[in-house]
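Engineer: need a structure here:
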Amino acid sequence: MSPRPQTRAEPLGTARGLFDMCFARSTDANRSHPQSLRSFFSPTPVAPPIPSRYPLNTPPRTKFSSTQHAEKPGAMSTYAAVASSDGALRPPPLGESRPSEATFDSSQGLANCAARPAGANEWSGQAGSEYTPIGATGGASKAGWLAGKKKWLAAAAAGLAIVVVAVVVPVYFKVIKNDSSNRSASAPMPSDPSSDSTSDNPPPSDRLEPTSGTSGSRIVDSATGKEFTYTNDFGGRWTSVPFDNSAQAQSYTPPLNESFRWGVDRILGVNLGGWLVLEPFIVPAMFEQCENYATPCVDEWTLQSYLRDENRLESAMDQHYSTFITEEDFARIAGAGLNWIRLPVPFWMVEKQDDEPYLAGAPVFKYFLKAVEWARKYGLRINVDLHTVPGSQNGWNHSGRMGTGAINFLNGTMGLANAQRTLNTIRSIAQFISQPEYKPVVPMFGIINEVRAQIVGTDRVKAFYLSVYNMLRTELGIGEDNGPWISISDGVSGHTEWIDWLPGADRLVLDMHPYFSFDGPNNDPMSAQAMKSCDRWGSRTNSTLSTFGLTVAGEWSIAINDCGTVNGVGVGTRQDGTFVGENAGGGFGPGACDEWNNWQGWSPTRRAEFKQVAINTMDALQHWFFWTWKIGPTSTGERINPMWDYSLGLKEGWIPADPSTEPVGACAAFAASEGTTYPNVPAPPLQSWQTGGAGAGDISVDTAQWAWPLTDMTAIPAADMTLVPILTQTGARVTLSPTPVTWIRGDETQTPNVGSGWASGGDGANDYWVKVQGCEYPEAWDAYLAAPTGGCGTPAGAGSPVSAPATTATTATTATTATTATTATTTTTASAIESADAVRKRGTPRPRSYPPPPRPAAR
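Structural biologist: Numbers count the residues shown, from 1 in each chain. Just a heads-up that it's a prediction; the model follows:
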């Protein structure tokens, strides 16, 4: 298609300019085709749009785009005309809305308000794609721009159309004007053959973008370019305006600009496992690509080491981050009736040591920011969960690196130093999410995932928790709206360890992970499986709600056994007897998992039985996060691990379509149908001090028994604790900072306050834990049996420096177009200890499993 002369429209903001958006005359073949505006507007009257600002992050271009309004009666979208960038359609910068499928070529006078195939001098849309990890052979499903044509309006209808513009435009969209007032009306267009201008300096142009809407509105995924329909039958509404907190996930969930009623509003959530912290059973194709490598990939340490050796670490990880979870997932989560997301993040989002292989800092942090942006857009709240820590808190593959039989957090020679590093990470994240720009979206922080208190020691875990509590509440304040709710893991030790712990503490959450899958081989009837959730979890949840305070199930699934690949790479299952490890033994022999893995062959009865397990569990747990939202395909395109896949279950019918009402009373009703009773004793409302009200922070027990720093650790005699390597609190703070966002409202360019990254101010102090200059440190991930080195001073707690030579951490700033993350790295004078030993790299496979403690503990 050859270039055509272009027709200039009147400036936007005038009646003539609005008319020219879709009624400009084309000079092609001397034809005149005014275009109908019917595709822009709802067929029924709607409420006025939410007052909003509109993003403008990029220069204008010569094409004009508009998102076509939903055809569903009663659906509502608010539009904004937003300047575009260059000629190729790409994901916009953070905070900018995405163009839709409708494209307009000024060479045709903006005559075609529907999309058409791209040609020369036309806007070619970027095809969206479904998740296809590196190594997968299944092709991506691409969504190109839709093509179509509209009938031209008769000239006699033009007057009526002008009236429609004058009346409807103020209701449905806000026009954003480009700065064209200073340009000469006779200035040539870039594609005009007589012009010396190039495509790098296009004339002013605008596009319509939706800024809010309800069910039925059309949205373009800002990550993929794929258009989808926002479907939400629960009264949800979205808004794409940066830092606008008016979105509401469902009518039964308060919008983000209203307080969540803790203990009254139910937390109905899902984990985004496998996204920012990768696990082999969630994203199997990522790990299968190196299954024949000298060091097979069994965790992120080995995966990222492999990708680094292949010189494609950044590209491979970014491809995964940008496609596994996208904006559409957040819209679907809200549309599924869920109102919370638990977002696992790695410690290397904040910092890493030089000998650690992870892609760290901004490449991860920018996707954390996207998660916040998308959650805000759809009215979802986030519980950010620190899923990995230096040295590993549990030795399992989802902690960053599998252990070789030992844990190096609060345990062994490097246990205290690794805990001090973790304090840094917790502090940086907590400071960021406590800023007023982010705390409505991220009101909860899980400070560490699944630390194994049975190995580390429950009192040591409590001492660490108390040190974190003191640090955050001292810096961020006591009481509602001061810092996040602090979620603590039950230590994989059950609820009884935490009854009445730390009464008076301000806004603590107990996080339990009630799984059945790792208990051992299990072929109980499905009716018994459904009742197990009620019998085991219902009373325990009410017990901790009554004595501790807010209790959530941070992870759970409908897996009744460990079939599939949940245990890890190549380690087998308890169900068929091929697993060697905790709770192993017995099993039902070869083929025992066939029935449970073959979800395509599940009968309607089997699906209904699993659905009963799901709704009973939801009823018993009350506040919960399912693990996990989606499971990625294998390298051959198979969908495995169906009992862990919420989105698959939702589609196939074994997950309830309405998690807010279907589970209510499910345990009592099911018990009655089975001829038994459900002895449920509801917990009383949360007390004022538990929710940040009167009495919050007045801890009524002696906390000396949980002193920090630790005076002993497993395998370290008390007399040798002075020889344990520690860090010095003299390093530069690590501040997480997003890139500024700019948009236009009317004629005014606005740059909102995106925060400094540090809520409590004074972010220039050198008070982060770093290695002591002149002190030799064992390898942080494999030092359980290393001899204490000494010469590192006396251990000190958070907030007090050690008696050791001062050193300042070297800082390195990594920037991307989406975000800027400042990460501190330290250099030790000891020889770099490389982890090249293949046996140690591979380790002993550590599944997401652990032994159930003596009853009546939670696991």
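Engineer: quick check, pLDDT for Arg846.
Structural biologist: Looking at Arg846, its pLDDT is 33.
Engineer: helix, strand, or coil at Thr425?
Structural biologist: Following DSSP: H, G, I helix; E, B strand; the rest coil, the label given to Thr425 is helix.
Engineer: hmm, Ile478 is touching Ala696, no?
Structural biologist: Yes. Here Ile478 reaches Ala696: they are 5.8 Å apart, a contact under CB atoms under 8 Å. C-betas here are computed from N, CA, C, even on glycine.
Engineer: these two - which one has more neighbours?
Structural biologist: Using other CB atoms under 10 Å, the more surrounded residue of Ile478 and Ala696 is Ala696, with 21 against 15.
Engineer: residues contacting that one?
Structural biologist: For Ala696, the contact set (CB atoms under 8 Å, 6 or more residues apart in numbering) comprises Ile478, Gly479, Glu480, Gly504, Ala505, Asp506, Arg507, Ser688, Trp689, Gln690.
Engineer: name the element Trp374 belongs to?
Structural biologist: Here Trp374 sits within helix 362-378, counting by DSSP states H and E.
Engineer: what's the helix or strand that contains Ala528 in contact with?
Structural biologist: Ala528 is part of helix 526-533, with elements assigned from DSSP H and E. Residues from elsewhere that reach helix 526-533, judged by CB under 8 Å, 6+ apart: 514, 516, 522, 524, 560, 606, 609-610, 612-613, 616-617, 620-621, 667, 670-671, 674, 676.
Engineer: about what we covered before: quick check: the two most widely separated of the contacts of Ala696?
Structural biologist: The distance between the two most remote of the contacts of Ala696 (CB to CB) is 15.0 Å, for Glu480 and Gly504.
Engineer: shared neighbours, Ile478 and Ala696?
Structural biologist: If you check Ile478 and Ala696 against CB under 8 Å, 6+ apart, the residues they both contact are Asp506.
Engineer: one step back: which ones among the contacts of Ala696 map onto strands?
Structural biologist: Per DSSP state E, strands hold no members of those.
Engineer: returning to what we had before: what is the helix holding Trp374 packed up against?
Structural biologist: With contacts defined as 3 or more CB pairs under 8 Å, 6 or more residues apart in numbering; DSSP states H and E, the packing partners of helix 362-378 are strand 237-239, helix 313-324, helix 327-335, strand 340-345, strand 381-386, strand 810-815, strand 819-825.
Engineer: rounded mean pLDDT for it, please.
Structural biologist: The pLDDT scores in helix 362-378 average 97.
Engineer: got the angle between it and strand 381-386?
Structural biologist: Inter-element angle recorded for helix 362-378 and strand 381-386: 160 degrees (by axes from the mean of the first three to the mean of the last three CA atoms, to 10 degrees).
Engineer: dump helix 362-378 to CSV, keeping only the CA atoms.
Structural biologist: In CSV, the C-alpha atoms belonging to helix 362-378 read as follows (Å, rounded to 0.1, in the frame of the first residue of the first chain):
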residue,chain,number,x,y,z
ALA,A,362,15.5,-3.5,38.5
PRO,A,363,14.9,-6.5,36.1
VAL,A,364,12.7,-8.0,38.8
PHE,A,365,11.5,-4.9,40.6
LYS,A,366,9.9,-3.4,37.5
TYR,A,367,7.5,-6.4,37.4
PHE,A,368,6.8,-5.9,41.0
LEU,A,369,5.8,-2.4,40.1
LYS,A,370,3.6,-3.7,37.2
ALA,A,371,1.9,-6.0,39.7
VAL,A,372,1.1,-3.0,41.9
GLU,A,373,-0.1,-1.0,38.8
TRP,A,374,-2.4,-3.8,37.6
ALA,A,375,-3.7,-4.6,41.1
ARG,A,376,-4.6,-0.9,41.5
LYS,A,377,-6.3,-0.9,38.1
TYR,A,378,-8.6,-3.7,39.1
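Engineer: give the contact list for Thr751.
Structural biologist: Residues counted as contacts of Thr751 (CB under 8 Å, 6+ apart) are Pro740, Val741, Thr742.
Engineer: tell me the buried residues within these.
Structural biologist: Neighbour counting with 16 or more other CB atoms under 10 Å marks Val741, Thr742 as buried within the contacts of Thr751.
Engineer: going by distance to Gly554, which of the contacts of Thr751 wins?
Structural biologist: Val741 (31.3 Å).
Engineer: now the closest one: how far from Pro525?
Structural biologist: Separation of Val741 from Pro525 (CB to CB, to the nearest Å) stands at 55 Å.
Engineer: what does Glu288 give?
Structural biologist: Applying CB to CB to Glu288 and Pro525 gives a distance of 35 Å.
Engineer: which of these two has more neighbours?
Structural biologist: Neighbours were counted for Glu288 and for Pro525 using other CB under 10 Å; Glu288 has more, 19 against 9.
Engineer: need the three-state assignment for the closest residue to that one other than its chain neighbours.
Structural biologist: Nearest residue to Glu288 in three dimensions, chain neighbours excluded: Ser635, at 4.5 Å (CB to CB, 6 or more residues apart in numbering). For Ser635, the assignment made with three-state DSSP gives coil.
Engineer: just checking, Ser635 touches Cys290?
Structural biologist: No. Using CB under 8 Å, Ser635 is not in contact with Cys290, being 10.9 Å away.
Engineer: ok, back up a step: which ones among the contacts of helix 526-533 lie within helices?
Structural biologist: Arg606, Glu609, Phe610, Gln612, Val613, Asn616, Thr617, Ala620, Leu621, Cys667, Phe670, Ala671 (DSSP state H).
Engineer: show me the contacts for the second one.
Structural biologist: Glu609 is in contact with Met526, Ser527, Gln529, Ala530, counting by CB under 8 Å, 6+ apart.
Engineer: now do the strands in the stretch 151-300 of the chain.
Structural biologist: Remark: strands assigned in the stretch 151-300 of the chain by DSSP state E, counting those that start in this stretch are 173-174, 208-214, 218-220, 227-229, 237-239, 268-271.
Engineer: to Ala406, which of those strands lies closest?
Structural biologist: It is, among the strands of the stretch 151-300 of the chain and with distance given as CB to CB, strand 268-271, at 27.1 Å.
Engineer: partners of that closest one in the sheet?
Structural biologist: Paired neighbours of strand 268-271 in the sheet (DSSP bridges): strand 340-345 (parallel), strand 624-626 (parallel).
Engineer: so what's the nearest residue to Ala783 once chain neighbours are set aside up against?
Structural biologist: Leaving aside its sequence neighbours, Ala783 sits nearest to Met414 (CB to CB, 6+ apart; 3.9 Å). For Met414, the contact set (CB under 8 Å, 6+ apart) comprises Gly391, Asn408, Pro725, Tyr777, Pro778, Glu779, Ala780, Ala783, Ala786.
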